[in-house]
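**Student:** coordinates for the following, if possible.
(2 chains)
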Amino acid sequence: MNRNLIYIILFLLGLNSFVGDNSYFVITQKDVQLQIPKDFPKPVYDFKENKLTPEGFTLGRKLFYDPVLSKDSSVSCAFCHQRFAAFAHVDHTLSHGINGLIGRRNVPPIQNMIWQKNFMWDGGINHLEVQPVSPMTNSAEMDETMAHSVYKLQQNKEYVTLFKKAFNDPHVSSENVLKALAQFTGLMVSSNSKYDKYLRGEEKFTDQELNGFKLFRLRCENCHQEPLFTDNSFRNIGIKPDTALRDSGRMSITGLPSDYMKFKVPSLRNVELTYPYMHDGRFKNLYDVLDHYAKGIFFTNNFDEGIKKNVGSLSEDDKQALIAFLKTLTDKDFIYDKRFADPNSR
Amino acid sequence: MNLVSKAFVITGLILALGATMSFVIMRHSIAKGNLNIHFENYVGDSLLKLNTINYKNEAGQVYTISKFKYYIGNIHLKKADGSGYTLPQEYFLINEENLSSKEIVLKDVPEGSYTSVNFIVGVDSIHNCSGAQSGALDPVNAMFWAWNTGYVFLKIEGYSDASKSPGHILEFHIGGFKAPANCIRKIGLDLGNKGLNVASGKDASLSIKADVSEAFKSPVAIDFSKISAVTDFHNSTMMADNYADMFSILAVE
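**Tutor:** Numbering: from 1, shown residues only, chains lettered A, B, ... in the order given. Coordinates of the predicted model:
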């Protein structure tokens, strides 16, 4: 009798997974409430012109995880932006694309996007909504035209329904593709690391973490400013140019020689998860990064003034303490937030 | 509600309706007409034909054109007294491959005699920083730079044996809205003695010539063996200065 009941329950549970919404996690109104963390500045991106809705977010999530956006339907956004790595590409120095192509730069994480004034290592993209156009059309990434992406989605009945639900428009437009993606990535807010909990008095640092925090504020804060751990500036931090990549950094956007080899100061939130590091992924771990500042600087005329005084003299204990502190920036609540999970997974 | 108050309410409603209607009529009493602007693309004195005709630049280098597209915006009509009419903010993408794109139909232009037409070639700063957009500014039109946000204002592609690019192609993608590489150019064209007369009940029309050869001519004559591609800020303002004088009035009716 009891065994039969268990079978019936198991059967019903199994049945349940085949009916209704087949998403891994159904998004409701409460899931699309944007909470600005205390002490975070006013966001740059304003959802006023792109109202957050469960339908818009759900559509953006589906697009993010769907390889249909690439030329040969092999590569999705999530291919390079892995959830467990704060949406960076773990253990990959340079971005990957269709046909096994390799790009020119390391995949940055996706987090706290609505506070960014511009995007990419060189800051060439000026608005959250148009950021995806770059990987979608880049010949070494998804290599698809915007027009053909829109065409493919328009041929798909499920997408037509979802676009109608989200934007009340059965005609798929690039504008709505991009707005849906902005709803999905714009809500990716990381503000619940051990560091945040420490500041809120909810958790305690170890002595080593605390030492690292003090060192950080003394030596790193100039560029990696709290609470976003970046000042959104571009700096030459003494990275030796790679003769194969021939990447001039910010200069490729502005044309100014003074911007040669300057790259955007990356946020350090979730930095433990986003290895390898730098614009070309040349450093495989945080220790190597600290070693670069301690003894690996390639000096040029435009080497950053702010770092000059902080170069050199890091003891072994200093390095270990800094790394211990940096690991407190890992935000498991963000990494495991089901809203951002692949809707096709179970 | 008694009979008297009912009568009051009904009278009030009738009066309100009358006031609204007369307001609507008054608004329409500012007479308006239609204006059609035709963009006609030329190379020198002959109408542009894509791919099939050999043209010559100032250096005598032979070339063909396979693509010619450009943005027109901020259209403004001016009267002799300095007053004028600015069109609702809108952009038009003129594309040689698409006949209908070369006809701009403007409805509800206030009546009057206009002496000049002004517009920009390009897209203003705000519309280069506004995120996802639709219509002429939709990135599906392939006039959008993904890696360095902004619109390509004017695109000329073609072939010339003189070009040293792979496949001897010519590739001029000119854009950029920030100094020092700002390629937005203001165009002002005089509409002649008679001017352009817009009146209700008739379609006024304006034909504007865009001469591709001017983009390779002055102030700087382009030698295709030296410059066969401009696709970022390098040489972009030189090209913009060149295209700034490619427009002229063909006909005013």
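**Student:** what's the burial count for residue 218?
**Tutor:** Looking at chain A here, since you left the chain open. By other C-beta atoms under 10 Å in any protein chain shown, 10 other residues sit near A:Leu218. Bear in mind the C-beta positions are built from the backbone N, C-alpha and C, glycine included.
**Student:** actually, chain B is the one I wanted.
**Tutor:** So B:Ser218, with other C-beta under 10 Å, has 15 neighbours.
**Student:** do the same with A:Asn211
**Tutor:** Neighbours around A:Asn211, by other C-beta under 10 Å: 18.
**Student:** assign the nearest residue to A:Glu203 once chain neighbours are set aside to helix, strand or coil.
**Tutor:** Spatial nearest neighbour of A:Glu203, chain neighbours left out: A:Lys197 (4.0 Å); criterion: C-beta to C-beta, 6 or more residues apart in numbering or on different chains. Judged by DSSP: H, G, I helix; E, B strand; the rest coil, the three-state class of A:Lys197 is helix.
**Student:** and for A:Lys197, the neighbour number?
**Tutor:** Neighbours of A:Lys197 (other C-beta under 10 Å): 16.
**Student:** and what of A:Ser258?
**Tutor:** 11.
**Student:** tell me where chain A has helices.
**Tutor:** A:2-16, A:54-64, A:77-80, A:133-137, A:146-154, A:157-167, A:174-186, A:194-199, A:207-219, A:251-254, A:286-295, A:305-308, A:316-327, A:332-335 (DSSP state H).
**Student:** nearest to A:Leu268, of those helices?
**Tutor:** Of all the helices of chain A, helix A:316-327 sits nearest to A:Leu268, with 6.1 Å by C-beta to C-beta.
**Student:** check which residues of that closest one are buried.
**Tutor:** Neighbour counts over helix A:316-327 (16 or more other C-beta atoms under 10 Å in any protein chain shown) mark A:318-319, A:321-327 as buried.
**Student:** redo those residues as a markdown table? Include pLDDT and distance to A:Val44.
**Tutor:** Formatted as a markdown table, those follow (pLDDT from 0 to 100; distance: C-beta to C-beta, whole Å):
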| residue | pLDDT | distance to A:Val44 |
| --- | --- | --- |
| A:Asp318 | 95 | 34 |
| A:Lys319 | 96 | 34 |
| A:Ala321 | 98 | 33 |
| A:Leu322 | 97 | 29 |
| A:Ile323 | 98 | 30 |
| A:Ala324 | 98 | 31 |
| A:Phe325 | 98 | 27 |
| A:Leu326 | 98 | 25 |
| A:Lys327 | 98 | 28 |
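**Student:** single out the most deeply packed of the helices of chain A.
**Tutor:** Stretch with highest mean neighbour count among the helices of chain A: helix A:174-186 (a mean of 25; mean count of other C-beta atoms under 10 Å in any protein chain shown).
**Student:** now for the residue lying closest to A:Asp39 once chain neighbours are set aside: which residues touch it?
**Tutor:** Using C-beta to C-beta, 6+ apart and skipping the chain neighbours, the partner closest in space to A:Asp39 is A:Pro227 (5.3 Å). By C-beta atoms under 8 Å, 6 or more residues apart in numbering or on different chains, the residues touching A:Pro227 are A:37, A:39-40, A:191, A:196.
**Student:** verify the contact between B:Ser228 and B:Glu171 for me.
**Tutor:** Yes - applying C-beta atoms under 8 Å as the test, B:Ser228 and B:Glu171 come out as touching, 7.0 Å apart.
**Student:** which residues does the closest residue to chain A within the stretch 151-253 of chain B contact?
**Tutor:** As assessed by C-beta to the nearest C-beta, chain A sits closest to B:Phe233 within the stretch 151-253 of chain B, at 4.7 Å. The contact partners of B:Phe233, by C-beta under 8 Å, 6+ apart, come to A:255, B:176, B:181.
**Student:** equivalent analysis for A:Arg282, please.
**Tutor:** A:93, A:239, A:242, A:276.
**Student:** quickly note the distance from the first one to chain B.
**Tutor:** For A:Thr93, the distance to chain B under the criterion C-beta to the nearest C-beta, to the nearest Å works out to 20 Å.
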